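Undergrad: Predicted model and sequence follow; I will ask about them next.
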Amino acid sequence: MASLVFSGLPVVKSSPATIQIGIIGPKGWIQWDGLWEAAQMARNEINAKGGILGTHPIELIDIDEHAADFRPDLGIEEAIKALDGTTASCQFFVGGFRTECVLPIREAVMDFAAANGRPIWFIAGAATNELIDCGGAGHMPGTGTCVRCNYARYKYMFRVTPMNSTILFKQFAMFLRTYVLLKKLAPMYGNYTGVTIPITPTHPYEEKVYSPKVKTYIVAENLVWCDIMVKCLVGNVTYPYLYPGVPNPYPPPPSPYSVLGPNAIIVGEKRPSATATTTDLLPVFAGADGIDATGARLIIHIFSAIAGTNFITLYGERDTNAVPVGINVESQMQEFWTAVGGKCEYESFLASVGTKTPIVPGVTDRFWEDYKGNWTHCPIYTAWGAYDAIIALNETIGAIGTWPLTCGQLIPEIEKTSRTGILGRFRYTGANGALHDVYSALDCLSPTWPSGYVRALIPQWQAGEMKITWPQDRSYSRKFRIPPWMYDLADWDLNFDGIIDIEDIYRCALAYGSVPGHERWDLESDVNTDGIVDIEDIYSIALRYGRIAPKWPLP
């Protein structure tokens, strides 16, 4: 079991029987902790049974990609030494986080692989498309440097987590457009114009149009992986496509053909340093062109490093009159709530899981508990990928039944991967998995999740727990909540019309007795977010019957 800790397990000396796996990541950052700690759990679990095939123990080699000091040249040096026998002779790599470091290290490793036929590298952390598959678009320097465009050179590269930047971006864009904007913020800050965009083959949901539009502010760290997402949000770029057939280039919101659709308008954009302090970030809120001055009510924030912590701390301290939704890697830690003193309440972000989320019941939640039992803190998203990569490799070699194997023998078998991991169903993209990226079914862009293929989840911090607000049909799904300082009746005004009345009680009554997955389930009617619509929810609305917002729509 993954819960067993073999703290006294001796270091395995390199030998023909040993399988060496290099764990590569940003030492000094929490993403490294996830990689290294989860890899040890997988190693211990496998080695407790004698190793892969029961006879080949795993040895882990730690490799710093030097993201913290941004010295990819030193990362290259460490990676090659872990391959050429100087420190190790790794057959596999797992990890890789910061694109600016992973790209040059990848090129050096592929040069080595071209000459030596190893290693196979499973990326667990970096989301940039071009590291595995540019989609044929070639939007980064070095067009053609991916598995799709140059299979012979890059066939050694696979991604196990997360989905690529395009899919991640589409998921939170759809969450914003079809839920947060359409059903929450637009009714709060605008009036329905009488215009509805109907369902079409390229627009698979009905969308009401409100005026005025929801003022939206973009804040993203100044790193390469954010560039395309920011450009798409602001408009006037051609990549990635939200729907097939959408006119190019993307216009800026509030065009119905923009990423955010007709109910948002961009009022500001800032690109602070990934290591920005609270002092550095204060002008983003309080500056002449900052969030406060522009009257923004939606903040789309994108952070992978310490600036994300500082940003959300400022947000909470100021009771900012806007909701933050986006990507904040550090906020994915369960311990983050305590670390920032609850200042992250109401923040929503992409993540692999929420608090103990039972994506695969008895598996995902069990890994969470085992990980915490081993390390006294909870896993971050790099942990899920690192663990699953090593366990899946063990399964693949076990199915073949022999070792050693060349990468030429292993790669076709890895491409065939079809398994249920700790985050859901998993396979690779392309015919027979030949494109080596994480496959995501189309339902990853919808509020329901019938396929079960891995997707990002979107939790929101609610009273110290990360509650899943997207998808919305799981047993653990909960409603997205509006901060009370923005609208103090938001939890009970189910139709967002500025008054608590019989319509709200009637809507709740229609869903009475339902739970997630039931045909009458309505998560908005689950007022107390306990996973069932019952008399407590109706009573809670009734207590506030007749209360009216002081002004509607809100300013």
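TA: Great, that's in hand.
Undergrad: where does the stretch 51-200 of the chain have low pLDDT?
TA: 137-144 (pLDDT under 70).
Undergrad: G408: neighbouring residues, count only.
TA: 10 (other C-beta atoms under 10 Å). (Glycine included, C-beta is placed from N, CA and C.)
Undergrad: list the contacts for it?
TA: G117 (C-beta atoms under 8 Å, 6 or more residues apart in numbering).
Undergrad: How much space separates G235 from I265?
TA: Distance, G235 to I265, using C-beta to C-beta, to the nearest Å: 10 Å.
Undergrad: average pLDDT across the helix or strand hosting A39?
TA: In this assignment (DSSP states H and E), A39 forms part of helix 30-47. Averaging pLDDT along helix 30-47 yields 97.
Undergrad: Stretch 294-302 now?
TA: pLDDT averaged over stretch 294-302 gives 97.
Undergrad: What are the contacting residues of that stretch?
TA: So stretch 294-302 is contacted by 176, 180-181, 185, 188-189, 214-221, 226, 229-230, 233, 264, 267-268, 291, 308, 311-312, 315, 320-328, 486, 555 (C-beta under 8 Å, 6+ apart).
Undergrad: sorry, back to before: counting by contacts, list what the helix holding A39 packs against.
TA: The contact analysis (3 or more C-beta pairs under 8 Å, 6 or more residues apart in numbering; DSSP states H and E) places helix 30-47 against strand 19-25, strand 58-64, strand 92-95, helix 364-375, helix 381-400.
Undergrad: Note down every partner strand of the first one and its orientation.
TA: Each strand paired with strand 19-25, and its direction, by DSSP bridges: strand 58-64 (parallel), strand 92-95 (parallel).
Undergrad: Could you write me a ChimeraX select line covering just the buried ones among the contacts of stretch 294-302?
TA: Selection command for ChimeraX covering only the buried members of the contacts of stretch 294-302, criterion 16 or more other C-beta atoms under 10 Å:
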select :176,180,181,185,188,189,214,215,216,217,218,219,220,221,226,229,230,233,264,267,268,291,308,311,312,315,320,321,322,323,324,325,326,327,328,486
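Undergrad: rewinding a little: mind listing the shared neighbours of G235 and I265?
TA: Taking C-beta under 8 Å, 6+ apart as the criterion, G235 and I265 both touch P252, P253.
Undergrad: which non-adjacent residue is nearest I46?
TA: If the residues on either side of it in the chain are set aside, I46 comes closest to N394, at 5.2 Å by C-beta to C-beta, 6 or more residues apart in numbering.
Undergrad: tell me, how many neighbours does the one you found end up with?
TA: Burial of N394 is recorded as 21 neighbouring residues (other C-beta under 10 Å).
Undergrad: quick one on the thing from earlier: ranking the helices and strands packed on helix 30-47 by burial, who's on top?
TA: With neighbours defined as mean count of other C-beta atoms under 10 Å, the helices and strands packed on helix 30-47 peak in mean count at strand 92-95, which reaches a mean of 29.
Undergrad: right, and the helices and strands packed on helix 30-47 - which one's nearest A114?
TA: For A114, the closest of the helices and strands packed on helix 30-47 is strand 92-95, at 15.3 Å, according to C-beta to C-beta.
Undergrad: Show the contacting residues for the residue nearest to I46.
TA: A42, I46, I52.
Undergrad: Mind putting these into JSON lines with neighbour count and distance to E100?
TA: As requested, the contacts of N394 are exported to JSON lines (neighbours: other C-beta atoms under 10 Å; distance: C-beta to C-beta, whole Å):
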{"residue": "A42", "neighbour count": "23", "distance to E100": "28"}
{"residue": "I46", "neighbour count": "22", "distance to E100": "33"}
{"residue": "I52", "neighbour count": "22", "distance to E100": "33"}
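Undergrad: Just the closest of the residues you listed to E465, please.
TA: A42 (26.8 Å).
Undergrad: excluding its backbone neighbours, what's nearest the closest one?
TA: Closest to A42 by C-beta to C-beta, 6+ apart is I390, at 3.7 Å.
Undergrad: How much space separates the one you found from T357?
TA: Taking C-beta to C-beta, one finds I390 at 22 Å from T357.
Undergrad: before we move on, what about V527?
TA: In terms of C-beta to C-beta, V527 sits 21 Å off from T357.
Undergrad: likewise G54?
TA: Distance from G54 to T357, by C-beta to C-beta: 33 Å.
Undergrad: Looking at these two, which is more packed in?
TA: Ranked by neighbour count (other C-beta under 10 Å), G54 and T357 place T357 first, with 22 against 10.
Undergrad: the helices in the stretch 1-150 of the chain, which residues?
TA: Using DSSP state H, counting those that start in this stretch, the helices of the stretch 1-150 of the chain run over residues 30-47, 72-81, 99-116.
Undergrad: With the stretch 251-400 of the chain instead?
TA: 278-286, 291-294, 306-318, 336-339, 364-375, 381-400.
Undergrad: Which of the ones you listed sits closest to F70?
TA: Ranking the helices of the stretch 251-400 of the chain by proximity to F70 (C-beta to C-beta) places helix 306-318 first, at 13.7 Å.
Undergrad: how far is stretch 526-536 from where the chain is centred?
TA: Mean-position distance between stretch 526-536 and its chain equals 27 Å (C-alpha atoms, centre = their mean, to the nearest Å).
Undergrad: That should have said stretch 162-178, apologies.
TA: Relative to its parent chain, stretch 162-178 has a centroid offset of 9 Å by C-alpha atoms, centre = their mean.
Undergrad: Repeat that for stretch 288-297.
TA: 27 Å.
Undergrad: Next, give phi and psi for the residue lying closest to F496 once chain neighbours are set aside.
TA: Excluding the flanking residues, the one nearest F496 by C-beta to C-beta, 6+ apart is P187, at 3.8 Å. When read as degrees, to the nearest 10, the backbone of P187 gives phi -60, psi -30.
Undergrad: Could you give the number of residues near P187?
TA: P187: 23 neighbours (other C-beta under 10 Å).
Undergrad: got it, and R118?
TA: If we define neighbours as other C-beta under 10 Å, then R118 has 20 of them.
Undergrad: Okay, it and A386: tell me how far apart.
TA: Applying C-beta to C-beta to R118 and A386 gives a distance of 19 Å.
Undergrad: Likewise for S89?
TA: Distance of S89 to A386, given as C-beta to C-beta: 21 Å.
Undergrad: One more: V259?
TA: Separation of V259 from A386 (C-beta to C-beta): 31 Å.
Undergrad: and if you look at K356?
TA: Remark: distance between K356 and A386 (C-beta to C-beta) = 19 Å.
Undergrad: And stretch 292-310, what's buried?
TA: Buried residues in stretch 292-310 (16+ other C-beta under 10 Å): 292, 294, 296-310.
Undergrad: no, scratch that, I was asking about stretch 39-52
TA: A39, Q40, M41, A42, R43, N44, E45, I46, N47, G51, I52.
Undergrad: Name the nearest residue to D493, ignoring sequence neighbours.
TA: I500 (5.8 Å).
Undergrad: Please read the previous query as pertaining to I63.
TA: That would be I24: by C-beta to C-beta, 6+ apart, it lies 4.1 Å from I63.
Undergrad: what is that neighbour paired to in the beta sheet?
TA: I63, G95.
Undergrad: For it, give its distance to S475.
TA: Noted for I24: a distance of 36 Å to S475, by C-beta to C-beta.
Undergrad: Same check on V340?
TA: 29 Å.
Undergrad: more crowded one of those two?
TA: V340 (21 against 12).
Undergrad: just checking, the more buried one touches F311?
TA: No: using C-beta atoms under 8 Å, V340 is not in contact with F311; the gap is 10.4 Å.
Undergrad: so who does W36 touch?
TA: I23, G25, L60, D62, A386.
Undergrad: let's go with 6 Å and repeat that
TA: I23 (C-beta atoms under 6 Å, 6 or more residues apart in numbering).
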